[in-house]
Each structure stands twice: as C-alpha cells, then as structure tokens.
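Chemist: kindly generate the corresponding structure for this input.
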Amino acid sequence: MLERIKKVLIEQNISGYKIREKSNNLISQVSADKIKNGITENPRRSTLELLVKILCTHYNVSKDWLIDGVGEPYLENDEDFYLEKHGVRFEAIELIDHFVQNKDEYFKRSEYLKLFVKDLVEKGVADRLNELKEYLKIINTNPKN
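Modeler: Residues are numbered from 1 along each chain as shown. Have a look, this model is predicted:
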C-alpha cells in the first residue's frame, strides 16, 4: 500500500503542504514529504489510512487499488456516483447490485429505503438519486428471476 501511495503522490505532484492542508494538520508537511520521498519506510497505520482517504476523496484515486492493488489506480472520472459511509466507498454499480439482490427485503423494510433516499437528497445529490430511482423502478417492475 505504501508504494502505491508514494506512486500517486509523485504522479500527481502532491506536496507535503497540500497533504497537511487536506488533513487539517493531522499529517505534517514534513511527514508527508518523507513518505513521498521514501525516507519513512514504516509510517503509522493511522497516517496511511488518512492518506488513503485524502487521495480517494480529493485526487480521484481508487480505494481498492490503493489498499489491495486491485483494479485501475484512478476512477474513470470525478463524476462517478458513489456513497461513502464510515470510510467505506460504495460505487453506483455496487449499490444497484445490492438493491437487485435484496430488493424484497428492502421493500419489506421500506422505512430503511426511505431513510437512505432522504439521506442522499439531504446531501445535495438529487440528480443522482433520480437515476437510482429509475433503476429501482426497473428492478421493481421486473418479476423475480
């Protein structure tokens, strides 16, 4: 993971100063530069986790790639739809697949679905929500497979 973080820091020319700003001073400029330049070989786990969050959130880097080396390093574009809760990012296709596989359960517990939709609206993603609603309509009108 450390090598992939360093790779992104170098490729994106992300300075220690930018990391310090994005981390609200939780990672010092010096520490970030030492990681980027390979001086620090064993940074704290909390520092690595924060760097992953910063790179994913602000630099369009794939969390799966950073952590496990799986997939492509960068997301296709910064308009990809995702939901992030408690540090876990769910891509649109993952959400849709989850709803498809569990639609009956969600509709039994419609209050949970309503809360999920309400949460999305409150976060200002009404357009994306409408797309999700269209998917749900399609899923709901198709008979069980």
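Chemist: low-confidence ranges in this structure?
Modeler: For the chain, the stretches with pLDDT under 70 are 76-93, 100, 103-104, 106-131, 135, 137-145.
Chemist: break it into its domains for me.
Modeler: Residue ranges for each domain of the chain read 2-68, 82-141, as given by automatic domain parsing.
Chemist: would you mind measuring the gap between the ends of the longest one?
Modeler: End-to-end span of domain 2-68 (C-alpha to C-alpha, to the nearest Å): 11 Å.
Chemist: contacts for stretch 53-69?
Modeler: Identification of contacts with stretch 53-69 by C-beta atoms under 8 Å, 6 or more residues apart in numbering yields 1, 4-5, 8-9, 12, 14, 19, 22-23, 52, 70-75, 77-78, 87, 89. Glycine gets a C-beta too; all of them are placed from N, C-alpha and C.
Chemist: give me every residue that touches the residue nearest to residue 28 when sequence neighbours are not counted.
Modeler: Excluding the flanking residues, the one nearest residue 28 by C-beta to C-beta, 6 or more residues apart in numbering is residue 20, at 6.0 Å. Shown in contact with residue 20 (C-beta under 8 Å, 6+ apart): 27, 28, 29, 32.
Chemist: show me what counts as buried in whichever strand or helix holds residue 30.
Modeler: Assigned by DSSP states H and E, residue 30 falls within helix 29-36. Residues 29, 31, 32, 33, 35, 36 are the ones in helix 29-36 that count as buried (16 or more other C-beta atoms under 10 Å).
Chemist: could you single out the nearest of those residues to residue 46?
Modeler: Checking these against residue 46 by C-beta to C-beta gives residue 31 as the nearest, at 11.5 Å.
Chemist: isn't the closest one right up against residue 40?
Modeler: Yes. Using C-beta atoms under 8 Å, residue 31 makes contact with residue 40 at a distance of 7.0 Å.
Chemist: what's the spacing between the closest residue to residue 40 other than its chain neighbours and residue 47?
Modeler: Spatial nearest neighbour of residue 40, excluding adjacent residues (C-beta to C-beta, 6+ apart): residue 34 at 4.3 Å. The gap separating residue 34 from residue 47 is 10 Å, by C-beta to C-beta, to the nearest Å.
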